[in-house]
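S.K.: prediction below, plus the sequence it came from.
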Amino acid sequence: MSAPGRPAGARRVRTRIAPSPTGFLHLGTARTALFSWAYARHHGGDFILRIEDTDVARSTQEAVDQIVAAMRWLQLEHDEGPFFQMQRIGRYREVIAQMLAAGTAYRCYCSPDELNAMREAQRARGEKPRYDGRWRPEAGKTLPPVPPGVHPVVRFRNPQGGTVSWNDLVKGPISISNGELDDLVIARADADTPDGVGTPTYNFCVVVDDWDMGITHVIRGDDHVNNTPRQINILRALIGPDGELPVYGHVPMILGPDGDKLSKRHGAVSVTQYEDEGYLPEGMLNYLARLGWSHGDDEIFSREQFIAWFDGQHLAKSPAQWDPAKLNWVNAHHLKQRSDASLAQLVAAQLARRGIEAAADARLERLCALFKDRCATTVELADWIGMYFVDVAPRAEDLATHVTDAVKPALVALRGRLSDVAWDKASIAAAIKSTLAEHGLKMPQLAHAVRVLVCGRSQTPSLDAVLELFDRDQVLHRLRSVSI
Ligand code: GLU
């Protein structure tokens, strides 16, 4: 039986995300993860998390933890892993040994000085600097004598002649001539013994991993497009002419609003920071998905819709541009869809970060319901709701504009009425109405003044609804600050 969405006879789809733990989960990597994950889910396949930690000097456990936490927040749950490349070094060495035995890799004893001299001579002749193949075994060729005490690198014996071609899921057909490709170093010269195999290199580890993990679709940033022909050649050497290669898809990068590569200069680039700034995972997912992919004119969609729609088609060939205003618009939409109970939890966490303990407050859900239409993030929601828990500081110009001598007597009267009515929306509305009639004022005159004093700002949702959720004493106290 085939998996849902998988054509009969096709391989089970297996995708992966392979972040390097040298920092937080970057938005670009998150988007690649999202596409890889959705592709696997769409086809009923598997999504694998692989941590590419061979850059030992720059990799940290803290970064691994952050990446895993950010993926969990976005609910990009992996089916296998995390696998760590540093735990697989023995396996890479084993494959290199097999390649040496098979003749698809060879030891090269050139010293760094020798390589420099080689490149300089090539440059002097006006040629492109490249490894000249002096240690590459060929039929009938005599290799130089092995120099004593020199630790060799291991090089891949790249095919000569012909081209490497693949039909990129995003970019379409790509062909690279083998003449462009050097014999890549697949193990460094850092082994303990001159005959040993040193640390395997990045491009090689990726190939062995994708092979061992049965990856069928490699979706990644297009900064890796130059690695792909090298990786295909190595993989071909391992799986033979009849083995099935993965499908490769290279997604263009995300640009900042100014057209440069998205970086810290443009604001937050880490997923975690967006969580901290009050964005919702479903809003983030929706926004990221639209960066470089489309489904007709659909702008707002759920995780389930995205999975149903994401079939690897309609991926943009040109870079997408980060648009904070659109992110806010998308997130605001998802915020409105959230239940008040779940918003209350998120807002309580935001308030707790400000030192406000509100989690146990029964009003929180109603407060979320009252203000959520005006907010793009839970941080904005907490900005509103904070006034119910901590004192407000009206701005002098708002006081001067709205709490005028003409309004002050009405404020005093309203305070008197509010001290004595039932504390519900209808009674508060009635108290406001009779105060207006008594003082011959229009609603905005009184309402703005009350808002400035009680809420610290002149614009709010309907005043009776806003006041009802305060403690009566709090309102009376804030109105008492008026002196006549
Ligand atoms: N570790 C690579 C990166 O973080 C990903 C490599 C790959 O997807 O093949 O860019």
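M.R.: Sure, I can see it.
S.K.: ok, and the closest non-adjacent residue to whichever residue of the stretch 101-250 of the chain sits closest to the ligand?
M.R.: Closest to the ligand within the stretch 101-250 of the chain is residue 220: 3.6 Å, counting by CB to the nearest ligand atom. For glycine as for every other residue, the C-beta is placed from the backbone atoms N, C-alpha and C. Distances taken as CB to CB, 6 or more residues apart in numbering put residue 32 closest to residue 220, at 5.7 Å, once the chain neighbours are dropped.
S.K.: per-residue confidence for that neighbour?
M.R.: Per-residue confidence at residue 32 stands at 97 (pLDDT).
S.K.: which strands and helices sit next to the helix or strand harbouring it?
M.R.: Using DSSP states H and E, residue 32 sits in helix 27-42. Counting by 3 or more CB pairs under 8 Å, 6 or more residues apart in numbering; DSSP states H and E, the packing neighbours recorded for helix 27-42 are strand 14-17, strand 46-51, helix 61-73, strand 217-221, strand 247-251, strand 254-255, helix 281-289, helix 303-309.
S.K.: which residues does the residue nearest to residue 220 contact?
M.R.: With contacts defined as CB atoms under 8 Å, 6 or more residues apart in numbering, residue 32 is in contact with 17, 219, 220, 221, 251.
S.K.: quick one: these as JSON lines, columns for neighbour count too.
M.R.: Below are the contacts of residue 32 laid out as JSON lines (neighbours: other CB atoms under 10 Å):
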{"residue": "17", "neighbour count": "27"}
{"residue": "219", "neighbour count": "27"}
{"residue": "220", "neighbour count": "21"}
{"residue": "221", "neighbour count": "16"}
{"residue": "251", "neighbour count": "28"}
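S.K.: among these, which two are most distant?
M.R.: Within the contacts of residue 32, 17 and 251 form the most distant pair, 11.8 Å apart (CB to CB).
S.K.: still on that earlier bit, now do the helix holding residue 32 against strand 217-221, angle only.
M.R.: 160 degrees (axes from the mean of the first three to the mean of the last three CA atoms, to 10 degrees).
S.K.: which pLDDT value goes with the closest residue in space to residue 84 that isn't next to it in sequence?
M.R.: Using CB to CB, 6+ apart and skipping residues adjacent in sequence, the residue nearest residue 84 is residue 51, 4.9 Å away. Residue 51 is assigned 97 on the pLDDT scale.
S.K.: go on, residue 78?
M.R.: pLDDT, residue 78: 98.
S.K.: and residue 484, by the same measure?
M.R.: Residue 484 is assigned 51 on the pLDDT scale.
S.K.: the chain should start at 731 in everything you say after this.
M.R.: Sure, I'll start counting at 731 from here, so that last one is residue 1214.
S.K.: so residue 770 touches residue 745, yeah?
M.R.: Yes. Counting by CB atoms under 8 Å, residue 745 is a contact partner of residue 770 at 4.5 Å.
S.K.: common neighbours of the two, please.
M.R.: By CB under 8 Å, 6+ apart, the residues touching both residue 770 and residue 745 are 776, 777, 947.
S.K.: which of the residues you listed are buried?
M.R.: Buried by 16 or more other CB atoms under 10 Å: 776, 777, 947, out of the shared contacts of residue 770 and residue 745.
S.K.: need the contact list for residue 744.
M.R.: 770, 775, 776, 777, 778, 943, 944, 945, 946, 947.
S.K.: just the helices from the stretch 781-930 of the chain, written as ranges.
M.R.: Secondary structure of the stretch 781-930 of the chain (DSSP state H, counting those that start in this stretch): helices located at 791-803, 819-832, 842-854.
S.K.: can I get the ones you listed in TSV with mean pLDDT?
M.R.: Shown next, in TSV, are the helices of the stretch 781-930 of the chain (pLDDT from 0 to 100):
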stretch	mean pLDDT
helix 791-803	97
helix 819-832	96
helix 842-854	94
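S.K.: okay, these, which one's buried deepest?
M.R.: Highest mean neighbour count of the helices of the stretch 781-930 of the chain: helix 791-803, a mean of 17 (counted as mean count of other CB atoms under 10 Å).
S.K.: relative to strand 776-781, how tilted is that one?
M.R.: Going by the same axes, to 10 degrees, helix 791-803 makes 160 degrees with strand 776-781.
S.K.: what number of residues lie near the residue nearest to residue 814?
M.R.: Other residues lying near residue 781 total 22 when counted by other CB atoms under 10 Å.
S.K.: distance of it from the ligand?
M.R.: Taking CB to the nearest ligand atom, to the nearest Å as the measure, residue 781 falls 9 Å from the ligand.
S.K.: got the contact list for that residue?
M.R.: 748, 749, 750, 751, 794, 797, 811, 812, 813, 814, 815.
S.K.: repeat for residue 978
M.R.: Here residue 978 is in contact with 896, 898, 899, 947, 948, 950, 958, 962 (criterion: CB under 8 Å, 6+ apart).
S.K.: which residue sits closest to it, ignoring its sequence neighbours?
M.R.: Closest to residue 978 by CB to CB, 6+ apart is residue 948, at 4.9 Å.
S.K.: give me the pLDDT value at the one you found.
M.R.: pLDDT, read off for residue 948, is 98.
S.K.: isn't residue 1088 up against residue 1111?
M.R.: No. Using CB under 8 Å, residue 1088 is not in contact with residue 1111, being 11.6 Å away.
S.K.: between the two, what contacts are shared?
M.R.: Common neighbours of residue 1088 and residue 1111 (CB under 8 Å, 6+ apart) are residue 1077.
S.K.: does residue 907 have beta-bridge partners, and which?
M.R.: When bridges are called by DSSP bridges, residue 907 pairs up with residue 893.
S.K.: that one: neighbour count?
M.R.: When neighbours are counted by other CB under 10 Å, residue 907 comes out with 11.
S.K.: tell me the residues of the protein that contact the ligand?
M.R.: Proximity of the chain to the ligand, by CB under 6 Å from any ligand atom, involves residues 748, 749, 750, 782, 936, 950, 954.
S.K.: go with 8 Å
M.R.: Residues of the chain lying close to the ligand (CB under 8 Å from any ligand atom) are 746-750, 759, 762, 782, 932, 936, 940, 948, 950-951, 953-954, 957, 961.
S.K.: list the beta-bridge partners for residue 984.
M.R.: residue 1050.
S.K.: from memory residue 759 sits against residue 752, does it?
M.R.: No. Assessed by CB under 8 Å, residue 759 is found out of contact with residue 752, at 11.1 Å.
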